[in-house]
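Chemist: build me a model:
(chains A and B)
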Protein chains: 2
Amino acid sequence: MYPNWLVQRAKLTPDRIGLSFENIEWTFKEILEEALLQAGCLLTAGVKKESRVAILSSSHPQLVFGIHACLQLSAELVMLNERLSESEIHYQISDADPDFVLVDSKYKDKVIGTGKPILSWDELKELRPEEVKVELEWPSDRTITIMYTSGTTGFPKGVRQTVENHTTSATGSAFNMGVSPDDVWLCTSPIFHISGFSILVRSLLYGMRVRLYQKFDLAPIVDELTAGEITRMSVVAVTLERILSELERREEKVHPNFKTMLAGGGPIPSDYLNRAFAKGIPVLQTYGMTETSSQAATLAPEDAIRKLGSSGKPLFLTHIRIDGAAGPNVEGEICVRGGNVTPGYVGRNEERPAQIDGWLHTGDIGYIDEEGYLYVVDRRSDLIISGGENIYPAEVENALVKHPNVREAGVCGVDDTEWGQVPAAFVVLNCEVREEELMDFARTVLAGYKVPKAIKIVNELPRNASNKLMRRRLTEYL
Amino acid sequence: MYPNWLVQRAKLTPDRIGLSFENIEWTFKEILEEALLQAGCLLTAGVKKESRVAILSSSHPQLVFGIHACLQLSAELVMLNERLSESEIHYQISDADPDFVLVDSKYKDKVIGTGKPILSWDELKELRPEEVKVELEWPSDRTITIMYTSGTTGFPKGVRQTVENHTTSATGSAFNMGVSPDDVWLCTSPIFHISGFSILVRSLLYGMRVRLYQKFDLAPIVDELTAGEITRMSVVAVTLERILSELERREEKVHPNFKTMLAGGGPIPSDYLNRAFAKGIPVLQTYGMTETSSQAATLAPEDAIRKLGSSGKPLFLTHIRIDGAAGPNVEGEICVRGGNVTPGYVGRNEERPAQIDGWLHTGDIGYIDEEGYLYVVDRRSDLIISGGENIYPAEVENALVKHPNVREAGVCGVDDTEWGQVPAAFVVLNCEVREEELMDFARTVLAGYKVPKAIKIVNELPRNASNKLMRRRLTEYL
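Modeler: Model (predicted):
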């Protein structure tokens, strides 16, 4: 059993600021009041206790209150990525089968036709709240969030993240990077991602203020970093680079109060690390995924140059091993174990085991050196990481072959100075069609960031003896 | 499951200093090496894996290595208080029934006659080590330590503290007071107490250096506090006062790096709090006990004056309620719940339940005010806290009535400027005996700090209608 995070936090430090957005601040007590009020409205709207609720929303305080309102009703949250296309969203809703869908008004159209009751935040607030009975404790294995992540098949899987998963993750992170009662975490990461959601969890467990931004707004964010209130932030390579460029342009450094920049979504180029060092930014590179409820390993800033390209060492409550590797420096599948690892999936993958003998087999290839540092050599299934978003080639290929003129498709990542990587597609046709038409088609079925930067028509795709697509050889076609 | 604390810590930060004593430092890797070496010697000496090992030792690095050596063999540690009398130690050994007793050479005589194999640290190091097979994980419910605490009956009970108990305690403490990778905790508390042992646990979980002292040595300790390396320390009222007096004499403040002074063993007088504030010492008053594996509640420094006499609020992973109290400010028995609460006892109390519906009934009386702050009104069974050591009146009474001339005895605490409280005894005689003889007798059967400061001969003891001794009325006899 764990304490009800928000209720316990509001009891312990009611008057501490827990959230700020633009010029408004909320104490933990006020966040709880908002959450209970809205939980009452959810009951009025017909949301039952312990039901499953999908949320499609931008990152604003209303989303935070809505999340906490659902958690006070012991609901399981299906966190939908607002960048997904309508058909992708419909797939996830149909798979997770939520009892209710909560949305920003602007996204209402995207979920109509799913057959689920829909309520916008604006409509919710108009309701007259019923009374909510507060639980003081939550069972460790209760599902807090369900987040979709794609796999080798190209069909996204709904990953469960429990109370224990999130708590273990926040604890391991605290033991590694430290925590202070006056920490303030700048959150520009999407909350529907584990990178953003985990900041909300840490906020409650640590009693830490979250400074929330709806999106990555460069100028005000750099203002914040130089002002002295912010102590922690999460970035991906592309956002780190923008911050660095802006600091360089201004000839400024971050404020000395700033303690850690947690950088996920693949390794950070050494050029960025050197520039970050010059700007007083301690960068902690991290390896993690939805299935590990945020960080599994992190690299300490003092090791960043010496261990360039490494993702560091596991968090204290987590184990990492390389499957089948007899010793150091031998490549194999990266396996993760610990209280932060998901117990499993929902929907059509419900029966699929997430662990084998307690170990998550990530599908990623890597090795551990003689000092115990993890190096990720190849992300699972040729994963493309573009501006911190995961793109699975299989998913893009599946979308392209839906076009009647396309017989086969192959997708790989190509380097991009801004986004790290972007997807490029290669197609074999049934009958002639212009590249622009294929591009238009891709835009209707895929989230914007998944749409290939280029679609090239080729005569055949590189395949191995057993006819398996060799995605890594696709770049030779460029 | 949790990671093997020391093995995981040595893997993550092998080269960080984990322990220093006088002019010697040990990295976490070196601590593990020492522990494994000595674990091998313990095997040679005949200690089996998963056995129970009692330890009677002063606080020096060898004790730290010895503890870790035993834990690498999955042993349960019975931590004996070195201030106990021989008969008290024999009682605890007979009750816990360990397979082995490890001692400082100087204490060997105290444990002879217990019928248990005895080994001194010096003898241990002479042995040729066998090979030790390391476990990477520990089950949550494994007993790490057994510590004796007295109760209403006067017979000390052996309290189990599990992996989960210690881990939860360290986590809750980190979420409350913060933790930083460069923290250094000054340990002058005895390691056989939970106050000292919990510092060793935090060291492994946080990756934090422990600066160890064998005893409370005022001048060098104040030197440390003003030098800047030390960031945390645990004290009781009497040691805090000595530090304050010395700082005042020197006209110095503690170094600004110093973050928290954790003060246990009863409330701190407001005079001390004001003086600590003037010296730059943030005092966190705490309420906890052996059964809660250290802190259950703590009072933030900013509340120390406003909430004078309070023990603060629970740690994040702990709940506190007042049994039977319908609302705030109503007195009743303090009950504690959470992962830090002991699952139970050993020896003759093995069958005794430690929890009722998950709640530990502490026997202490207190109330919670309308803002959620705990006030401890009366320690269980008229507990006397003298310089941070618990003295149970019943235990002292039981010892005194063993004298043939004593018919009845009553013991209570009286205020003492140096120790907070000291025990005073009142006896009804069978036949005449001098007070000095009774005092000499008490010294042979009781630890020095439990020996009454005065033994007064009276005609009768104050008893209620059901003939129960009313200890609180004893002070009227003074």
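Chemist: phi and psi next, for A:Trp121.
Modeler: phi -60, psi -40 (degrees, to the nearest 10).
Chemist: could you measure from it over to chain B?
Modeler: Applying Cβ to the nearest Cβ, to the nearest Å, the value for A:Trp121 to chain B is 29 Å. Using the backbone N, CA and C atoms, a C-beta is placed for each residue, glycine as well.
Chemist: burial count for that residue?
Modeler: By other Cβ atoms under 10 Å in any protein chain shown, the residues close to A:Trp121 number 18.
Chemist: mind checking what secondary structure the nearest residue to it once chain neighbours are set aside has?
Modeler: Spatially, and ignoring its direct neighbours in sequence, A:Trp121 is nearest to A:Gln62 (4.7 Å; Cβ to Cβ, 6 or more residues apart in numbering or on different chains). Per DSSP: H, G, I helix; E, B strand; the rest coil, the secondary structure class of A:Gln62 is helix.
Chemist: thought A:Gln62 was touching A:Ser105?
Modeler: No - A:Gln62 lies out of contact with A:Ser105 (Cβ atoms under 8 Å); the separation is 10.7 Å.
Chemist: need the residues touching each of the two.
Modeler: A:Trp121 (Cβ atoms under 8 Å, 6 or more residues apart in numbering or on different chains).
Chemist: give me the more crowded residue out of the two.
Modeler: Taking neighbours as other Cβ under 10 Å, A:Gln62 and A:Ser105 compare with A:Gln62 leading, 21 against 11.
Chemist: give the contact list for A:Gly312.
Modeler: Applying Cβ under 8 Å, 6+ apart to A:Gly312 gives the contacts A:Leu284, A:Gln285, A:Thr286, A:Tyr287, A:Ala297, A:Thr298, A:Leu299, A:Ala300, A:Asp303, A:Tyr373, A:Leu374.
Chemist: beta partners for the first one?
Modeler: Under DSSP bridges, the beta-bridge partners of A:Leu284 are A:Leu262.
Chemist: just give me the neighbour total for it.
Modeler: Neighbours of A:Leu284 using other Cβ under 10 Å come to 24.
Chemist: shaky segments in chain A?
Modeler: For chain A, the stretches with pLDDT under 70 are A:150-154, A:379-381, A:464-468.
Chemist: get me the contact residues on it for chain B.
Modeler: When proximity is defined as Cβ under 8 Å from any Cβ of the partner chain, chain A approaches chain B at A:1-3, A:8-9, A:11-12, A:136-137, A:171, A:174-181, A:205-207, A:313-314, A:316-317, A:319, A:338, A:358, A:372.
Chemist: next step: the residues you listed restricted to helices.
Modeler: Taking DSSP state H, the ones among those that sit in helices are A:Gln8, A:Arg9, A:Lys11, A:Leu12, A:Thr171, A:Ala174, A:Phe175, A:Asn176, A:Met177, A:Leu205, A:Tyr206.
Chemist: what would those residues look like in JSON lines with neighbour count and distance to B:Glu251?
Modeler: Formatted as JSON lines, those follow (neighbours: other Cβ atoms under 10 Å in any protein chain shown; distance: Cβ to Cβ, whole Å):
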{"residue": "A:Gln8", "neighbour count": "26", "distance to B:Glu251": "43"}
{"residue": "A:Arg9", "neighbour count": "25", "distance to B:Glu251": "41"}
{"residue": "A:Lys11", "neighbour count": "20", "distance to B:Glu251": "42"}
{"residue": "A:Leu12", "neighbour count": "21", "distance to B:Glu251": "37"}
{"residue": "A:Thr171", "neighbour count": "28", "distance to B:Glu251": "42"}
{"residue": "A:Ala174", "neighbour count": "25", "distance to B:Glu251": "38"}
{"residue": "A:Phe175", "neighbour count": "25", "distance to B:Glu251": "38"}
{"residue": "A:Asn176", "neighbour count": "28", "distance to B:Glu251": "40"}
{"residue": "A:Met177", "neighbour count": "23", "distance to B:Glu251": "38"}
{"residue": "A:Leu205", "neighbour count": "26", "distance to B:Glu251": "41"}
{"residue": "A:Tyr206", "neighbour count": "24", "distance to B:Glu251": "37"}
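Chemist: just flag the most distant two among these.
Modeler: A:Lys11 and A:Asn176 (27.1 Å; Cβ to Cβ).
Chemist: show the end-to-end separation of stretch A:206-220, please.
Modeler: Using Cα to Cα, to the nearest Å, one end of stretch A:206-220 lies 25 Å from the other.
Chemist: buried residues in it?
Modeler: Neighbour-count burial for stretch A:206-220, counted by 16 or more other Cβ atoms under 10 Å in any protein chain shown, picks out A:Tyr206, A:Gly207, A:Met208, A:Arg209, A:Val210, A:Arg211, A:Leu212, A:Tyr213, A:Phe216.
Chemist: narrow the residues you listed to those in strands?
Modeler: Judged by DSSP state E, strands contain the following of those: A:Arg209, A:Val210, A:Arg211, A:Leu212.
Chemist: dump those residues to CSV, plus distance to A:Ala237.
Modeler: Output for these, formatted as CSV (distance: Cβ to Cβ, whole Å):
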residue, distance to A:Ala237
A:Arg209, 26
A:Val210, 23
A:Arg211, 22
A:Leu212, 22
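Chemist: closest to B:Ile268 among these?
Modeler: Among these, A:Arg209 lies closest to B:Ile268 (Cβ to Cβ), at 29.4 Å.
Chemist: surely the closest one meets A:Trp26?
Modeler: No - using Cβ under 8 Å, A:Arg209 makes no contact with A:Trp26, being 9.6 Å away.
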